[in-house]
Structure formats: structure tokens, C-alpha cells
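1. Sequence below, structure please.
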Amino acid sequence: MRLEHATRKCVGDPAVSEVSGVVLVHNIAPEKQVIVHYRDAGGIWRAVPARYESAPPWGSPERWVFSGIIYPADHAEPARFAIQVVVAEREYWDNNEQHDYLLDPEGIVFGDGQTFGFDRLQRIVEFVGWRYHMDVMKIEEAMPLPGRGYTARYKVTIGRSVGPGRYAHVRCVGIAVRGSDVSVLSQTPCESLPPLDPVTP
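-> Have a look, this model is predicted:
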């Protein structure tokens, strides 16, 4: 089993920051539990159950969905979580190779971090489509951000395609990539991200 993806969005009134996602589970037995363990805003580990959603006609992998991981709307620290499956009297974990999954506000994390480097640009394109419903025009790689772990950052020009080579509502956003986590650089003007190496999406 593995995480397919998880997102963190600001929802509700009053607003809160909620993590939700999808887990892919091999159907090796009919009875199973899928549990998401997460660290809350106070540093306490808690758990929420995932629920079965669907399976292909051939039966595997099943899709299990989870939600209800709640943080204050202004909680800027990454959400930390791991996934446990209990089936056939055995338990299995997806904890991002013992590093746990980290998910920034308004971000998305994919469950194939070990191969993430090979399709990072495609992930940025997917993220822009999910977050902004726009197309990527240009991606420029900027200097890594200092701090815990390696965080790459990108200056991404986006717009809505209105024909071959023509775009409307063009603007620039800063995108941070840490492992398999993709998120927006909060309140960071693109002018502060000097481009180094142009790359092609």
C-alpha cells in the first residue's frame, strides 16, 4: 500500500487548515483497517480512520480516502503524518521511508517520493493545474531555501491558454519543493526569486 496523494487546504467558516487524501491498498483480504497517524498543532500524535471508496473491477488496489486532520488556519508548520494498514493479522506502514510525510499549508504531497526527482517538473505542472486551474508557461529554478532539509524553489509563470502560444491572466508564482511536497511560497514576490537555470515543463 502507499499514499497516492494528500492536500492541505483552508476550509470552513471560521477557517481551518484541513489535510485530506487518498491511500492505495492492495486487496489481500476483505477485512482491513486503514489509519492515518498525525501530529497535531500541539505536538500530540493522533489518529483518524480512512474509509473505503472504490476498487477497479479486478479488485486491487482499493482506494481509501481520509480527511478530518485539522490545524488552525494560521498554523504555518508542516503537517506530519504516516499511514498504517492492518490486514490479515499483520500491519503495514507507509511513513515515507521512515521520514513521515510533511505537508505545507496549501500544498500537495505525492506518495512516490523515491521517484519524485525524475518527474519534479511534471508535479509542478500538476500542482498549478490543481491549485490555480491554469497552465504552466515557464519554469525557472531558483536558489534552494535554507532550513531543515533540502527545499528547492521555482519561479513559475502561469496563465490560461486561449490558443496556440496565447495566454490570458498571466502571472508569476513562487513554488517550493521539499521531497515529494509541493507548495506555494507564502507572500513571496517572484522578484525575490532570481532565476538561475531555465528548465522546460
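
2. what stretches of the chain score poorly on pLDDT?
-> Within the chain, the stretches with pLDDT under 70 are 112-120, 142-151, 178-180, 186-201.

3. Now do the helices in it.
-> With DSSP state H as the definition, the chain shows helices at residue ranges 120-132.

4. now the residue nearest to Arg171 when sequence neighbours are not counted, which residues is it bridged with?
-> The shortest distance from Arg171 to any non-neighbouring residue, by CB to CB, 6 or more residues apart in numbering, is to Ile158 (6.3 Å). For the C-beta atoms, the positions are set from N, CA and C on the backbone; glycine is no exception. The residues paired with Ile158 through beta bridges, assigned by DSSP bridges, are Val136, Arg171.

5. Kindly report the same for Tyr71.
-> Beta-bridge partners for Tyr71, by DSSP bridges, are Ser17.

6. residues touching it, list them.
-> Each residue near Tyr71 by CB atoms under 8 Å, 6 or more residues apart in numbering is listed here: 16-19, 40-41, 79.

7. between those, which has the most around it?
-> For those, counting by other CB atoms under 10 Å, the largest number of neighbours falls to Ala79: 26 neighbours.

8. so that one touches Val19, yeah?
-> Yes: between Ala79 and Val19 a contact is recorded at 5.0 Å, counting by CB atoms under 8 Å.

9. okay, and the common contacts of these two?
-> Taking CB under 8 Å, 6+ apart as the contact definition, Ala79 and Val19 share the neighbouring residues 8, 38, 69, 71, 103.

10. now that we have those, which one has the most neighbours?
-> In terms of neighbours by other CB under 10 Å, the shared contacts of Ala79 and Val19 top out with Leu103 at 26 neighbours.

11. Return the distance of that one relative to Ser161.
-> When CB to CB, to the nearest Å is applied, the distance between Leu103 and Ser161 equals 29 Å.

12. so which of the contacts of Tyr71 comes closest to Ser60?
-> For the contacts of Tyr71, the minimum distance to Ser60 (CB to CB) is 25.4 Å, reached by Val19.

13. Leaving out chain neighbours, which residue sits closest to the closest one?
-> Distances taken as CB to CB, 6+ apart place Ile69 nearest to Val19, at 3.8 Å, with adjacent residues excluded.

14. Since that was my last question, I'll sign off now.
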